[in-house]
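Novice: Turn this into a structure:
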Amino acid sequence: MSHRVDARGLSCPQPVVMTKKALETIGLGTGPKALGGSEISDASGRCEIIEVLVDNRTAMENVSRFARHSGYDADVRTGEEGEDCYIVRICVEGRA
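Specialist: Residues are numbered from 1 along each chain as shown. All right, here's what the predicted structure looks like:
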């Protein structure tokens with residue numbers, strides 16, 4: 001399952017605070033999901049994906065750094081064609 005946090009247009013620390021709240025809400029009773037490689041996948045169905053949309057490099061770096069320092073795996077993608085944003089994808093291990 002995927003959850004989206006739209007932090008476009010916001011300056012730091014707001015995107016990090018919104019990401020932290022989403023992790024706390026979605027991650028209750030769960031922990032970080034360590035994944036190999038740079039690709040995050042929820043194909044197993046046990047991984048909740050939080051997608052954080054930001055529109056500046058500083059926010060992207062801060063959100064991905066926060067996720068990594070919190071023990072989560074995160075990857076960064078650029079937005080789809082026509083979208084001027086970064087998408088930070090964070091995987092939270094699903095409930096047992």
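Novice: Find the nearest non-adjacent residue to Cys85, please.
Specialist: Spatial nearest neighbour of Cys85, excluding adjacent residues (CB to CB, 6 or more residues apart in numbering): Gly79 at 4.0 Å. In this view, the C-beta of every residue, glycine as well, is placed from N, C-alpha and C.
Novice: wait, what's in contact with that neighbour?
Specialist: Leu53, Cys85, Tyr86, Ile87 (CB atoms under 8 Å, 6 or more residues apart in numbering).
Novice: at 7 Å what do you get?
Specialist: Gly79 sits next to Cys85, Tyr86, Ile87 when contact means CB atoms under 7 Å, 6 or more residues apart in numbering.
Novice: do you know how far it is from Leu53?
Specialist: 7 Å (CB to CB, to the nearest Å).
Novice: shared neighbours of those two, anything?
Specialist: Taking CB under 7 Å, 6+ apart as the contact rule, Gly79 and Leu53 both touch Cys85, Ile87.
Novice: Give me the next element, helix or strand, following the host helix or strand of Asn62.
Specialist: Counting by DSSP states H and E, the element that carries Asn62 is helix 57-69. As assigned by DSSP H and E, the chain's next helix or strand after helix 57-69 is strand 73-78.
Novice: Now do that following strand, average pLDDT.
Specialist: Averaging pLDDT along strand 73-78 yields 93.
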